[in-house]
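**Student:** can you look at this prediction? I've put the sequence above it.
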Amino acid sequence: MTPTAGLPDTQGAQRAPGLRGWLLMAPLLAWLGAFVVAPTLIMLVYSFCDRDELGQVVFTFSWSNYARVFDPTYLKILLKSVYYAAITTAICLVVGYPVAYWVGRAPERVRNKLLALIMIPFWTSFLIRTYAWMTILKSEGPLNSLLLYLGMISTPLDILYTPTAVVIGLVYSYLPFMILPIYGSVEKLDNALVEAAFDLGAGPVRAFSNVIAPLTRPGIVAGVMLVFIPAIGMFAITDLMGGARVPMIGNVIQNQFGQARDWPFGAALGMTVLLLFAATFWLTTKKDPSAT
Amino acid sequence: MNRRLFGLIFLLGIVFGCKDKPAPTAASASPGPSGSGAPTAEKPKPGKELNLFAWSEYVPQEVVDGFSKETGIKVNYETYASNEEMLSKLLAGGTNYDLIQPSEYVIEALVKQKKLAPIDWSLVPNFKNIDPKLKGLPHDPENKFSVPWMTGTVGIVVNTDKIKDPIKGYKDVFQKKYKGRIVSLNDSREMVAWALEASGLKSNDITTENLAKVKPMLAEWVKLVKVFDSDSPKTAFLNGDVDIGVVWSGEAALLYQNNKKFAYILPEEGAHLFIDSLAIPDSAPNKVGAMMFMDYILKPEVSKLISEKFPYTNPNLEARKLLTPEQLANPASYPPAGERETFRDIGKISSEVDKLVTDLKASN
């Protein structure tokens, strides 16, 4: 099938990349360098600087920004952010797994349509969808009107601008990121293995915990990572749906680059969070060599 | 299928990633466009584009469109929600703003730092329409750098259907019984000023000792607030999520227009006046275009449009003659005359103000 002339090159690609390999990778490397490495280095430099009265960065060297990061106030916010992100991840997993499983086991024709349904919300801007949620949840919004009409509540529920609203917003935004990787694993799941589990006398619970869950584990791990890490840093949802009152670490960092005009401190916070992510990632991949 | 799926996830990641972390992109983009517009500067002819950086909910689209139609200059309109946010972006460099809309104390600071370009008044003849009382004020004593856009006060809005108690000042707003029913501007300098005024101090008396003095009071206040919003605090009132709050007078005037149940009260402890003006950063590539815009908005009929959409106090006396008696009777737009302080530049201690409020909100 492959033209013979192409063969040596394909084999060459297995070894250390040659000139052609580097050329092919060049766009990616340039992208990473310009938009990941360089900004990170700028942030690293800023994090040791100071600010002047107008908020411009003054180039000195001090550890004071990092000292402020470890102030209990900010550590508490970091813990709170991890807490909300963990709740979000847990809800996404509980809600998303059955959906992903069901979609993955559906006949192929139906499957693609179901996948499209999961993707359709992405056709509109994320901010518009967040404002839509605010309209639904507000005191005089459709949700409260409906519940009042049905007589299920006597006074409007206070949801918008509370942590509950923030978690609703986070789960809504990140659910597809949980469903898609799990779906990928479920789709590859060999039905014969599941049938074998039942033939050998396992009940549905045992078949799930001993066979299905371990086989779809890579999808679960990927989904958890894709939801948990961005959820910690999210600030738009907390600003809009939490009334700028439920601070998460992402809000505090964003605020330093806007209102508070303290870029060096914002950079120090950002670098600290980045290091935490890197350390967590390194620890999880080290423990589990199969997850590559 | 699997590879396609991962490609999909990767794309989603990019789409979402951008929303998550604008900071690095902003930083990396900053070195790029800086010098690009420079060659057109200082020429008598205006540039083809005007980059307007202004408060959100302050510049009606009709005015922007009208200016483009009249002059053929395309206006790129970007918004901010606090003076500090604007400063942060402006001073980070790499921006091309031709026109900014700072409040008086920020103009004072920018003038001190020589960051504003002087205005050539021969290009802005309509400046004569501005109330003489607003000329020669401390932030721009020689009228060299700024053209007043709107002035206003910061005061209390009460939904009188829900709150029957008499409300007179800041201390009546920030009470335990209204916890979770309060909206506040998301603005550090303002909040500190309210606390100072409520403690019998002047809004400009910002010293380390005074900040320490008002800190416990502010800490209490921050806990009671349900929404911090400088963009559009009226929304929380209209949605029924709050019943009382401290907001810009223009927002209060819109609420009053919407329904008379929204009363506007100037705090008895002391209210201050703000003067938002147009000014030209010295790095602006299209200074001539910026001055043409200034002159355009000073035309009485254009200024009237702005007042209709955003009913703050109009500093343009010719435009005020075109307003209806009803508009002039709006207590939030045209409150009773009185001596009111304006914010002054407080220099280096502004970083302590930012830090105080950041920490209080963070520990909430």
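**Tutor:** Thanks, I have the structure now.

**Student:** now for the helix or strand hosting residue A:42, which elements pack on it?
**Tutor:** Residue A:42 is located in helix A:38-46, with elements delineated by DSSP states H and E. Counting contacts by 3 or more CB pairs under 8 Å, 6 or more residues apart in numbering or on different chains; DSSP states H and E, helix A:38-46 is packed against helix A:263-287, helix B:22-29. (Glycine included, C-beta is placed from N, CA and C.)

**Student:** looking at these, which is closest to residue A:230?
**Tutor:** helix A:263-287 (10.4 Å; CB to CB).

**Student:** just to revisit the earlier point, could you tell me the angle between the helix holding residue A:42 and helix A:263-287?
**Tutor:** Angle of helix A:38-46 versus helix A:263-287, following axes from the mean of the first three to the mean of the last three CA atoms, to 10 degrees, is 120 degrees.

**Student:** what about helix A:38-46, average pLDDT?
**Tutor:** Across helix A:38-46, pLDDT averages out at 95.

**Student:** same check, this time on stretch A:198-207
**Tutor:** In the prediction, stretch A:198-207 has an average pLDDT of 89.

**Student:** please apply the same query to stretch A:57-76.
**Tutor:** Mean per-residue pLDDT for stretch A:57-76: 90.

**Student:** so which bits of the stretch 51-200 of chain B are right by chain A?
**Tutor:** B:82, B:84-85, B:87-88, B:91-92, B:109, B:113, B:180, B:186-188 (CB under 8 Å from any CB of the partner chain).

**Student:** mind picking the two most distant members of those residues?
**Tutor:** Greatest spacing in these, by CB to CB: B:113 and B:180 (41.2 Å).

**Student:** thinking again about what came up before, and the residues of the stretch 51-200 of chain B next to chain A, which are buried?
**Tutor:** B:82, B:84, B:85, B:87, B:88, B:91, B:92, B:109, B:180, B:186, B:187, B:188 (16 or more other CB atoms under 10 Å in any protein chain shown).

**Student:** quick check: which element contains residue B:75?
**Tutor:** Counting by DSSP H and E, residue B:75 is part of strand B:74-80.

**Student:** give me the angle between whatever helix or strand comes next after that strand and helix A:263-287.
**Tutor:** Of the helices and strands lying after strand B:74-80 in sequence (DSSP H and E), the nearest is helix B:83-91. Helix B:83-91 and helix A:263-287 are oriented at 80 degrees to each other (the same axes, to 10 degrees).

**Student:** run through who's touching helix B:83-91.
**Tutor:** Defining contact as CB atoms under 8 Å, 6 or more residues apart in numbering or on different chains, one finds that helix B:83-91 is touched by A:54-56, A:257-261, A:263, B:53, B:80, B:95, B:97, B:100-103, B:105-106, B:109, B:115, B:187-189, B:281, B:354.

**Student:** mean confidence for that helix?
**Tutor:** 90.

**Student:** in the stretch 1-150 of chain A, where is pLDDT below threshold?
**Tutor:** Applying pLDDT under 70 to the stretch 1-150 of chain A picks out residues A:1-15.

**Student:** in it, which spans are strands?
**Tutor:** A:50-51, A:57-58 (DSSP state E, counting those that start in this stretch).

**Student:** cool, and the stretch 201-350 of chain B?
**Tutor:** In the stretch 201-350 of chain B, the strands defined using DSSP E, counting those that start in this stretch lie at B:225-228, B:244-248, B:262-265, B:272-279, B:341-342.

**Student:** and the second one, what does it pack against?
**Tutor:** In this structure, strand B:244-248 makes packing contacts with strand B:146-159, helix B:170-173, strand B:182-184, helix B:234-238, judged by 3+ CB pairs under 8 Å, 6+ apart.

**Student:** buried residues, stretch A:262-274. List them.
**Tutor:** Neighbour-count burial for stretch A:262-274 [16+ other CB under 10 Å]: A:262, A:263, A:264, A:265, A:266, A:267, A:268, A:269, A:270, A:271, A:272, A:273.

**Student:** could you report the neighbour count for the residue nearest to residue A:136 when sequence neighbours are not counted?
**Tutor:** Leaving aside its sequence neighbours, residue A:136 sits nearest to residue A:143 (CB to CB, 6 or more residues apart in numbering or on different chains; 5.3 Å). A count of nearby residues for residue A:143, using other CB atoms under 10 Å in any protein chain shown, gives 17.

**Student:** state the distance from residue A:143 to residue A:132.
**Tutor:** 12 Å (CB to CB, to the nearest Å).

**Student:** quick one: contacts for the residue nearest to residue A:136?
**Tutor:** A:136, A:137, A:157, A:159.

**Student:** among those, name the buried ones.
**Tutor:** Looks like the contacts of residue A:143 have A:137, A:157, A:159 buried, using 16+ other CB under 10 Å.

**Student:** which SSE is the nearest residue to residue A:91 once chain neighbours are set aside in?
**Tutor:** Leaving aside its chain neighbours, residue A:91 sits nearest to residue A:171 (5.0 Å; criterion: CB to CB, 6+ apart). Secondary structure from DSSP H and E places residue A:171 in helix A:163-188.

**Student:** helices or strands next to that helix in the packing?
**Tutor:** If you count contacts as 3+ CB pairs under 8 Å, 6+ apart, helix A:163-188 packs onto helix A:72-105, helix A:108-119, helix A:126-137, helix A:217-233, helix A:236-241, helix B:2-20.

**Student:** redo that, cut-off 10 Å
**Tutor:** Here helix A:163-188 is seen to pack against helix A:72-105, helix A:108-119, helix A:126-137, helix A:213-215, helix A:217-233, helix A:236-241, helix B:2-20 when contacts are counted using 3 or more CB pairs under 10 Å, 6 or more residues apart in numbering or on different chains; DSSP states H and E.
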